[in-house]
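Undergrad: predicted model follows, preceded by the sequence.
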Amino acid sequence: MYASEEKTMTGNNLLSRISIDPNICFGKPCIRGHRIWVSIILDYLAGGMTVEEILEAYPSIERNDVFACIAWGAKYSGRSTY
């Protein structure tokens, strides 16, 4: 398996952690099972928060949920192969 294939598989697995439901949070992408918007997590990261700080602020989510938000941002910015 090529490294890019492995990366894509990981990205797709991460993306399964994100849900969009028009009846939840106005249809904004959220971490599956939570009402935490992907954009909030990305804003925190862009503002300099670490993954550990985000996990402390939101103890109900997992590290891979934060990575899923990053993967979602990469995919929908048009710069990813996920």
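TA: Ah, there it is. Numbering: from 1, shown residues only.

Undergrad: for the closest residue to S39 other than its chain neighbours, give its distance to G48.
TA: Excluding the flanking residues, the one nearest S39 by Cβ to Cβ, 6 or more residues apart in numbering is K28, at 6.8 Å. C-beta: built from backbone N, CA, C; applies to glycine. K28 is 23 Å from G48, where distance means Cβ to Cβ, to the nearest Å.

Undergrad: so which of those two has more stuff around it?
TA: K28 (15 against 7; other Cβ atoms under 10 Å).

Undergrad: hang on, the more buried one packs against W37?
TA: Yes. With contact defined as Cβ atoms under 8 Å, K28 reaches W37; the gap is 5.0 Å.

Undergrad: please enumerate the shared neighbours of those two.
TA: The contact sets of K28 and W37 do not overlap (Cβ atoms under 8 Å, 6 or more residues apart in numbering).

Undergrad: all helices of this structure, in order?
TA: 3-15, 38-46, 51-57, 63-76 (DSSP state H).

Undergrad: nearest residue to the middle of this structure?
TA: C69 (1.4 Å; Cα atoms, centre = their mean).

Undergrad: fine by me, thanks again.
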